[in-house]
Structures are given as structure tokens and as C-alpha cells.
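Visitor: here is the input, now give the coordinates:
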Amino acid sequence: MTGDEVAPPSRVEPPPSPAEAPPSPGERDPVLALVGPTAVGKTALSLALAARLRGEIISLDSRQVYRGMDVGTDKVTREDRERIPHHGLDLVDPDERYSAGRFGRDARRWIRQIRERGRLPLLVGGTGFFLKTLADPVFREPEMDPDRRERLREWLARQSRLELARWVSLLDPERAAVAEAGGPQRLGRTLEVALLTGRPLSWWHRNAPPDAESVPVRVVLLERPREELYERIEERTQAMFGSGLLEEVAALLAAGYRTSDPGMTGTGYREAATVVQGECSVEEAVLQVQRATRAYARRQLTWFRHQLPSEGLRIDARDPVDRQVEVVVRWWKAGTRVSGTG
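Guide: This is a model prediction of the structure:
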């Protein structure tokens with residue numbers, strides 16, 4: 001990387017606090033969030049909860065925002081989307097970026113619209129940063145030159161995860177552990193901000209005003225034993241390769257998308273692309289995806305352990321779904337009565 005590509009401005013000031021209208025009636029009521037690691041069983045419970053509580057689902061999944069990427073992201077079926085309204089799916093093309101900050105703005109709009117229809121917003125997924133940007137809003141992003149940003153992103157896309165982590169440890173050591181847990185996209189984002197603004201992301205988090213007011217969230221964590229979770233990951237990976245993942249990736253590559261595009265860097269798509277391009281066998285790609293997904297699940301569990309509020313509810317995913325629903329509904333109704341919103 002040359003110096004002129006990343007030279008920071010001499011001084012960057014925090015942006016001013018955004019002017020916000022006073023909360024409308026009901027705007028400070030809590031929303032319900034169902035989170036858990038990949039393959040734990042969130043979809044079945046979320047659909048049953050939404051039906052029981054007259055809810056609409058907002059996806060907390062940073063990969064399901066991409067159009068044309070259904071099999072590898074395990075999107076809910078069209079039939080279920082017709083039955084239960086979903087938000088946060090199919091928002092951008094695979095070569096576009098979709099940040100946690102943008103999700104926060106979109107999700108606040110969806111929450112308001114859902115409430116206007118007299119229904120309950122139900123946040124569902126495993127992307128912790130999406131949940132955090134609502135409950136603990138991120139800073140208001142400073143202006144960054146789009147041309148320099150694009151050149152930097154092209155360079156970052158060519159670097160290994162190990163190299164990205166090394167740069168983060170040098171430029172923003174405070175964020176190193178968090179960025180590493182978030183994978184290449186989070187590592188790249190940390191470097192982007194540090195190199196293009198002249199200040200590390202950790203500085204912006206401390207000093208810049210939040211992008212919006214926090215949203216009260218009551219969190220349900222769905223859990224199951226780790227070995228059982230790993231077995232489900234292995235089975236789901238096999239099912240994805242058997243139900244059209246290779247064909248989906250081939251169509252994306254034929255449409256002109258590259259393996260370095262933001263949507264295509266997700267686990268499953270990179271490995272499937274090597275098969276389509278004749279660089280890897282299906283069997284080896286399946287093993288690679290299983291290993292990478294298990295590692296991702298471990299990072300999710302670490303994030304949930306350290307970041308979720310202690311007063312949340314933990315649910316055993318091995319219980320029948322109808323029992324899970326009853327436990328959540330009782331907990332939700334008791335809590336909203338106490339807070340005066342039920």
C-alpha cells in the first residue's frame with residue numbers, strides 16, 4: 001500500500017450530535033430480540049413467537065441482506081415470509097456494503113412502522129453488532145473520501161485475515177480482540193476508519209456522539225450443547241451443498257460478482273467458488289465450511305457471553321418449540337406488565 005492511498009487528514013473533528021424529534025408514544029417501549037449462534041434453531045422459534053405475539057420479524061443477520069444469496073445464508077422460505085412479514089432481507093447486491101450503522105437506521109424505521117400497524121417488532125439473528133447498534137448506538141460516522149475508501153477496500157480484500165489482524169493490532173490495539181471476533185469485514189472496517197480519518201475506531205467510539213437514541217431491547221438467548229450445535233452445523237453444511245449452493249454461486253460469478261465482493265466473502269460462498277472454479281473438490285470445500293462455521297459459532301458464543309444483558313432469558317433449544325414459546329411469552333408478558341408497557 002502506498003502512502004498517498006491512506007494518508008490521513010491532519011485533523012478530524014467529531015460530527016455534531018444529530019437533532020432528533022422527541023420520542024413518539026410507544027417509541028420507548030422495549031422490543032423483543034431472539035439471538036443465538038448459527039444453526040441453533042432460531043428460525044422455528046421466531047416464526048412460532050411471531051404468530052403467537054402478532055409480531056413481524058426483523059433479521060439480525062449481516063449476510064441475509066444480500067440479494068441472490070439464499071441457500072448459503074439459510075434464508076427463511078418464501079412461504080414463511082408470506083405468512084409472517086420479514087424485514088432486513090434482500091436489501092443490497094453482493095458487491096455493496098451494508099454497515100451496522102445503516103442497519104440501525106433501517107431497523108428504527110421498521111420498528112416504527114411495525115408499531116404503527118399495532119404489531120410487535122421481533123429482532124431475530126446472530127449478528128451481535130446489529131443488535132448492539134440498536135441497544136448501544138454506534139458513533140455518527142465522519143466523512144471519508146469515497147475514492148480513497150474504495151481503493152483501500154480493494155487492497156484490504158487482497159489481504160489474509162492474519163495480515164488484517166496484524167494491522168489492526170498496530171493501528172487500533174484497543175479494538176483488536178473485538179475486530180478479530182467479527183472476522184475480515186470487521187477487521188477491514190476498523191482499518192478503514194483508522195487510515196482514512198487519522199484516528200482509530202476506538203477513539204471515535206469514545207468521543208463521537210451516537211448516531212441515534214438507544215432502543216430498549218429485551219433479549220432471549222437460544223442455547224444448546226456445543227457438540228450438538230457442531231453436529232447441526234455439519235448437517236446443515238451438507239444440506240446447503242446438496243440443495244443448490246454451488247449453482248447459486250455459479251450464477252453469481254456468471255453475473256459478474258467477484259469473490260472479493262462484500263457479500264461473497266461470507267463462509268460458504270468463498271469455498272463454493274473454489275469448487276465452481278475447479279480449484280477444490282466438493283468434499284474438501286464441505287470440510288472447510290464446517291470448520292469455518294464452527295469457528296464462527298464460537299466467536300458468536302463469546303460475544304453473547306460478554307455483551308448480552310444479564311437480565312435476559314436463556315432458552316434450551318432442545319425443548320419442543322411449543323414449550324419454548326410458552327416460556328418466552330410468559331417472561332415477555334410479565335416483564336412488559338412490570339414496565340407498564342404491556
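Visitor: list the contacts for G268?
Guide: When contacts are counted by CB atoms under 8 Å, 6 or more residues apart in numbering, G268 touches 72-73, 237, 240, 245, 289, 293. Every C-beta, even on glycine, is put in place using the N, C-alpha and C of the backbone.
Visitor: just say helix, strand or coil for S59.
Guide: Under the three-state scheme (DSSP: H, G, I helix; E, B strand; the rest coil), S59 adopts strand.
Visitor: quick one: it and H87 touch, right?
Guide: Yes - S59 lies in contact with H87 (CB atoms under 8 Å); the separation is 6.8 Å.
Visitor: ranges for the helices of the stretch 101-250 of the chain?
Guide: 128-135, 146-157, 161-171, 176-197, 201-207, 226-242, 245-254 (DSSP state H, counting those that start in this stretch).
Visitor: reformat these as CSV; add distance to T43, mean pLDDT and mean neighbour count.
Guide: Putting the helices of the stretch 101-250 of the chain into CSV (distance: least, CB to CB, whole Å; pLDDT from 0 to 100; neighbours: other CB atoms under 10 Å) gives the following:
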stretch, distance to T43, mean pLDDT, mean neighbour count
helix 128-135, 16, 91, 22
helix 146-157, 31, 88, 14
helix 161-171, 29, 91, 16
helix 176-197, 22, 82, 21
helix 201-207, 32, 83, 17
helix 226-242, 11, 97, 16
helix 245-254, 18, 98, 19
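Visitor: pipe these into TSV and attach distance to T267 per row.
Guide: TSV is the format used below for the helices of the stretch 101-250 of the chain (distance: least, CB to CB, whole Å):
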stretch	distance to T267
helix 128-135	16
helix 146-157	16
helix 161-171	12
helix 176-197	9
helix 201-207	24
helix 226-242	9
helix 245-254	11
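Visitor: between the ones you listed, which one is closest to Q300.
Guide: helix 128-135 (6.9 Å; CB to CB).
Visitor: just the buried residues of stretch 321-330, please?
Guide: By 16 or more other CB atoms under 10 Å, the buried positions in stretch 321-330 come out as 324-325, 328.
Visitor: and the strands in the stretch 201-342 of the chain?
Guide: 217-223, 313-316 (DSSP state E, counting those that start in this stretch).
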